[in-house]
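Participant: this is a predicted model, with the sequence first.
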Amino acid sequence: MRLTGLTVAAVLVASAAFANVVAPDDVAFGEYGEVEASLTGSAGDVDKGRQIFSEKSMGNCVSCHAVAALPDVPFQGEVGPVLDGIGEYRTPEELRGILVNAKKTFDGTVMPAFYKTSGFIRPGDDYTGKAAPDPIQPILSAQDVEDVVAFLMTLKDN
Amino acid sequence: MIFKTLTAAAAMLALTAPVLVAGGADDDTLVINGDIEITTKAAAAPHLDGHLDEVMSGWHFRDDDTQAMEMDDFDNPGMIFVDVATDTWNTAEGSEGKSCADCHNEPESMAGVRAVYPRWNEEAGEVRTLQMQMNACRTERMGAEAWKYDSGDAINMEALLASVSRGTPVNVAIDGPAAETWEKGKEIYYTRYGLLELSCANCHEQNYGNYIRADHLSQGQINAFPTYRLKNAKLNGMHSRFKGCIRDTRAETFNPGSPEFVALELYVASRGNGLDVEGPSVRN
């Protein structure tokens, strides 16, 4: 059982890591919209990142982006560019910045900001059409962002 | 026929030059009952300069089977509700004991009316949608209760009034006393709402022709409303459609009949000036 590994020490480590999470309003962007430091200090999980990328209730990136490496995910969108080989020509810092708030990299882009909690007009509570509860939660958590960055870095041309 | 080209080059091109790459709109022509020719593509109105060159009905973005259902009234499930509304038209209601027919004769007397609504009403000093006008007749002239906005009765009657205007070009006035409401609607159209920060224009102006997940994006025109949707098997009003689209941006929506949606309806209708009235239509 994996749960038995959840010792006092592990809990301490986990909460220490949590304390290092950069809050959405505190993220520092570079000149081109890149974000240098990990948002959590923990490495991203590629498998989780793939899932977040594909599922509507999570990142739903496939609604706008197609990726050939995901042949089992139906109905990939074409509003954004195809992301095949993105791990080849983008750095993790650039990808982190694009995920946190793509508008810092691409001025006025259609792509949503996934790690942001302020500056919205009529923010809603998920897909209910009702007003968002206070405080607003980002669409993806800090670790979700790191997981998706890790997944994107696996997309290399062969 | 619709061809889905999913290449990196096409996707990149579509991003940089959405107006040039009107991908996915087919070249079919819409003739209803082999008789009513519908203008489904038209030069964009002057107020769309720099935004759109050509306006297109959502019909062009649907698959062949869905398109075909709209080409014959016997195959169009929306026409069943037109029949229901025809009965309502002839039924006396309210304290005055009057029916629509008592004052307006045949529904055909309303030919062309759908095409110019929403419209400024001088006496009331407001821009009125067709539903607001019908309710004014009910409450002020029939002594009947107003229909709830986008409710079954209201949508059915709207479908009847649309059906007798099929083939008439949309021509809503946006100047004079309607200008203020139109400006407000335009502002809403370009506002990026919700956690996803998406405006109507982000999807329906910048990205029509592209797929967003399984959905083939149209220009979001309203010349074809009410729409019978295969998805929910009923007639749908435009305000309910607006509401759904705003909800999908993870935003707090406005409600059918709200001043915001009345303004938005006028603005979106004006983006379709030149397209023929086509409702009730069939969509997925």
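Facilitator: Here it is on my side, so go on. Numbering: from 1, shown residues only, chains lettered A, B, ... in the order given.
Participant: show me where pLDDT drops low in the chain?
Facilitator: All of this is about chain A. Along chain A, segments meeting pLDDT under 70 span A:1-19, A:158.
Participant: was after chain B, sorry
Facilitator: B:1-23.
Participant: got the residue ranges for the helices in it?
Facilitator: B:8-16, B:64-69, B:78-89, B:100-104, B:130-136, B:152-163, B:179-189, B:200-204, B:238-247, B:259-271 (DSSP state H).
Participant: from residue B:277, how far out is the residue sitting nearest the centre point of chain B?
Facilitator: With distances taken as C-alpha atoms, centre = their mean, the residue of chain B nearest its centroid is residue B:222 (2.0 Å). For residue B:222, the distance to residue B:277 (C-beta to C-beta, to the nearest Å) stands at 10 Å. Quick note: C-beta positions are derived from backbone N, CA and C, even for glycine.
Participant: if we can go back for a sec, what's the closest non-adjacent residue to the residue nearest to the centre of chain B?
Facilitator: residue B:238 (4.7 Å; C-beta to C-beta, 6 or more residues apart in numbering or on different chains).
Participant: tell me, how many residues neighbour the one you found?
Facilitator: Look at residue B:238: counted by other C-beta atoms under 10 Å in any protein chain shown, it has 26 neighbours.
Participant: again, but for the one 10 residues further on
Facilitator: Residues within reach of residue B:248, counting by other C-beta under 10 Å, total 18.
Participant: mind listing what it touches?
Facilitator: residue A:127 (C-beta atoms under 8 Å, 6 or more residues apart in numbering or on different chains).
Participant: where's it relative to residue B:241, distance?
Facilitator: Counting by C-beta to C-beta, the gap from residue B:248 to residue B:241 is 11 Å.
Participant: again with residue B:196
Facilitator: Residue B:196 is 18 Å from residue B:241, by C-beta to C-beta.
Participant: kindly report the same for residue A:151.
Facilitator: Taking C-beta to C-beta, one finds residue A:151 at 35 Å from residue B:241.
Participant: cool, residue A:130 as well?
Facilitator: 19 Å.
Participant: more crowded one of these two?
Facilitator: Neighbour totals were compared for residue A:130 and residue B:241, and residue B:241 leads with 20 against 13 (other C-beta under 10 Å).
Participant: roughly how far does that one sit from residue B:71?
Facilitator: In terms of C-beta to C-beta, residue B:241 sits 22 Å off from residue B:71.
Participant: now residue B:283
Facilitator: Using C-beta to C-beta, which is the criterion applied here, residue B:283 is 14 Å from residue B:71.
Participant: looking at these two, which is more packed in?
Facilitator: A direct count of neighbours by other C-beta under 10 Å for residue B:283 and residue B:71 places residue B:283 higher, at 22 against 19.
Participant: that one bridge partners, please.
Facilitator: residue B:229 (DSSP bridges).
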